[in-house]
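Dropping a prediction and its sequence here:
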Amino acid sequence: MTDHDPKLDLELTRTIAASPHTLWRCWTEPELLKRWFCPAPYKVTRAEVDPTPGGIFLTAMQAPDGTDFDAQAGCVLEAEPARRFTFTDALGPGFRPLASGFMTGIITLEAVEGGTRYTARVKHATDADRQKHLDMGFHEGWGTAADQMAALAATLGD
């Protein structure tokens, strides 16, 4: 699941001054996830995470003008504490197939000098979906969210 196809996948890598354990918490504890997951001034209004294979991954967001973006519940595929967290919107909780899906996210956390190498790889079924995600501002949005996660992680300690 870690192969990279540049025609279908997008990737963001950062070194964050926090432990893999702390970043794992940011991804898997709903109240923490709500604080960083989308670029401000957008906000997450609801988050549900069951960090076990087949568990729920859901984030509902709201735009600054109050427009709500309700999300369909996705599915956790892999959950290796402080190492890897993989989720998709192509399946619902319990690995229930959904009518459509846009992406699979693979989050890897690797301890390095100074913190954690954080990699978010997002796989798409088609080049058109990948391009749509680029046009939506993947690098800017996911980059801003990663910066927000790093700032939150700095307040949590280990």
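Now that the structure is in, tell me what you want to look at. Numbers count the residues shown, from 1 in each chain.

Show me where the chain dips below the pLDDT cut-off.
Across the chain, the stretches falling below the confidence threshold (pLDDT under 70) are 1-2.

Give me the most central residue, it.
Using CA atoms, centre = their mean, the residue of the chain that lies closest to the mean C-alpha position is Gly105, 6.1 Å off.

part of a strand, is that residue?
Yes: residue assignment for Gly105, taken from DSSP: H, G, I helix; E, B strand; the rest coil, places it within a strand.

if I look at it, how far off is Pro41?
Using CB to CB, to the nearest Å, one gets 23 Å for the distance from Gly105 to Pro41. C-beta coordinates here come from the backbone N, C-alpha and C atoms, glycine included.

returning to that earlier point: run through the residues that contact the residue nearest to the centre of the chain.
Each residue near Gly105 by CB atoms under 8 Å, 6 or more residues apart in numbering is listed here: Thr86, Phe87, Thr88, Ala120, Arg121, Val122, Lys123.

How about Leu156?
Applying CB under 8 Å, 6+ apart, one finds that Leu156 lies in contact with Ala18, Thr22, Arg25, Cys26, Leu32.

hang on, the last one is in a helix, isn't it?
Yes: under three-state DSSP, Leu32 falls within a helix.

With adjacent residues omitted, what lies nearest to it?
Among residues not flanking Leu32 along the chain, Cys26 sits closest, at 4.9 Å (CB to CB, 6 or more residues apart in numbering).
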